[in-house]
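# Take this sequence and fold it.
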Amino acid sequence: MGYINNKTGYRYDILENRSVIKKDMFALIEPDGLVKNNIYGYEFCDISILPSPKLGASFVDYIITVKENGKNIFGVNNSEEKYFYL
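So this is what the prediction gives:
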């Protein structure tokens, strides 16, 4: 649904969304296009991977929703930079 494909109204396919990804250029990911991932070491967390090297980025960005008792079993890795937005 949108101005690019001239569709209006509701989506027809189960996996259809309005996200646009142009490798090595940009990624515009709408909330319907986010995928919940299971990443080893994160317990009771919903994780969505945003940019990553597979899309052409030089970093990885996640959206993490920590549920009750959620944790990272590996702790802090000092070779990585981490930013938390609250």
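# what ranges do the strands span in the chain?
Using DSSP state E, the strands assigned to the chain run over residues 20-22, 26-28, 42-49, 62-72.
# Packed most tightly, which of those strands would that be?
The highest average neighbour count among the strands of the chain, using mean count of other Cβ atoms under 10 Å, belongs to strand 42-49 at a mean of 16. Any C-beta I mention is one placed from the backbone N, CA and C, and that applies to glycine too.
# now that strand, how far from the centre of its chain.
A distance of 10 Å separates the centroid of the chain from that of strand 42-49, by Cα atoms, centre = their mean, to the nearest Å.
# before we move on, the earlier item: nearest to K82, out of the strands of the chain?
The stretch from the strands of the chain with the least distance to K82 (Cβ to Cβ) is strand 62-72; that distance is 9.8 Å.
# between that closest one and strand 42-49, how many degrees?
Put simply, strand 62-72 runs at 170 degrees to strand 42-49, going by axes from the mean of the first three to the mean of the last three Cα atoms, to 10 degrees.
# Of all the strands of the chain, which one comes closest to L34?
When those are compared for distance to L34 using Cβ to Cβ, the nearest one is strand 42-49, at 4.2 Å.
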